[in-house]
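> need a 3D model of the following:
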Amino acid sequence: MFILGNIIKGIAVILDVGLSIYMWIIIIRALISWVNPDPYSPIVVFLYRATEPVLYRVRKFLPVHGMGMDISPIIVLLIIMFLRIALVDSLFQLAAIVVRQ
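Predicted coordinates for the structure are as follows:
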């Protein structure tokens, strides 16, 4: 059973690292939006392509009319934090239970 526990732990680590990287990508995109970036820069193009599908879905549910500020990155960051606490920690605890059996 320790092999299954290690597989679950590996999935949890990969998921945690992936969520951390995506969280930093969202933060960098939000910081870049404060300045006037070159829209043809490969970094800016990557940031927009990597984040816009998720941010667009969040914007569809937010009432942004008259707000003057896009809070969708904050909402996405909160969702990522929730997933790291709820999902990743649960997978680590599941892996520990499986290894003990």
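> how far does the helix ranked longest in the chain sit from the chain's center?
Longest helix in the chain, counting residues (DSSP state H): helix 2-32. In this view, helix 2-32 has its centroid 8 Å away from the chain centroid, taken as C-alpha atoms, centre = their mean, to the nearest Å.
> just checking, what packs against the helix or strand just after it?
Counting by DSSP states H and E, the next helix or strand C-terminal to helix 2-32 is helix 42-61. Where contact means 3 or more C-beta pairs under 8 Å, 6 or more residues apart in numbering; DSSP states H and E, helix 42-61 is packed against helix 2-32, helix 72-83. Where C-beta positions appear, they are placed from N, C-alpha and C, glycine not excepted.
> got the angle between the first one and helix 42-61?
Right, the one you point to is helix 2-32. 100 degrees (axes from the mean of the first three to the mean of the last three C-alpha atoms, to 10 degrees).
> what about helix 2-32, average pLDDT?
Regarding helix 2-32, the rounded mean pLDDT is 94.
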